[in-house]
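[1] what would the 3D arrangement of this be:
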Amino acid sequence: MVSKDQTIGGIIFVVCLIVGILYTVGLFYFGNPFGWHTAFWLIAIPVFLAFIVIMGIGAWIGWTMATTPPPKPIEEITSEMEETKEEKVAEVTETEEEKPERRKKS
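    Residues are numbered from 1 along each chain as shown. Next comes the predicted model:
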């Protein structure tokens, strides 16, 4: 039995294979059947689409950079780490001091 992912992968493979074959045939073997420059449009349309996709990715990166808040300075992060480390050490020493008192009471 074929999984859903394998079916989708097979469909993508077949579609890409057919489009690639038709593109190659249209670019090199058709000549000028419609009275307009088929080879020009077969080159121009994918180049245009690739350009738009690249510009869209660039715009997305710029938008993400513009709307993301800046990170904390390293000095602030290290001071917070030191404070939490000191708090943990204080907690450990408090619990160690309490243990002998509990033993004495029992």
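
[2] where does pLDDT dip in the protein?
    Along the chain, the parts satisfying pLDDT under 70 run over 30-37, 94-106.

[3] all helices of it, in order?
    Shown for the chain, the helices assigned by DSSP state H span residues 4-28, 38-67, 74-105.

[4] Thr24 - how many residues pack around it?
    By other C-beta atoms under 10 Å, 11 other residues sit near Thr24. (Glycine included, C-beta is placed from N, CA and C.)

[5] wait, Leu42
    Leu42: 17 neighbours (other C-beta under 10 Å).

[6] just give the nearest non-adjacent residue to it, would you?
    Spatially, and ignoring its direct neighbours in sequence, Leu42 is nearest to Leu27 (4.8 Å; C-beta to C-beta, 6 or more residues apart in numbering).

[7] just to check, the one you found is in contact with Ala44?
    No - checked against C-beta atoms under 8 Å, the pair Leu27 and Ala44 is beyond contact range at 11.5 Å.

[8] quickly note the distance from Pro73 to Ser79.
    10 Å (C-beta to C-beta, to the nearest Å).

[9] if I look at Phe13, how far off is Ala50?
    Distance, Phe13 to Ala50, using C-beta to C-beta: 21 Å.

[10] so the residue nearest to Leu42 versus Ile45, what's the distance?
    Going from Leu27 to Ile45 by C-beta to C-beta gives 11 Å.

[11] compare these two (neighbour count), which wins?
    Using other C-beta under 10 Å, the more surrounded residue of Leu27 and Ile45 is Leu27, with 13 against 10.

[12] contacts only, for that one.
    If you count contacts by C-beta atoms under 8 Å, 6 or more residues apart in numbering, Leu27 has them with Ala39, Leu42, Ile43.

[13] pick the one among those closest to Ile21.
    Among these, Leu42 lies closest to Ile21 (C-beta to C-beta), at 13.0 Å.

[14] for that closest one, what are its contacts?
    By C-beta under 8 Å, 6+ apart, the neighbours of Leu42 are Tyr23, Gly26, Leu27.
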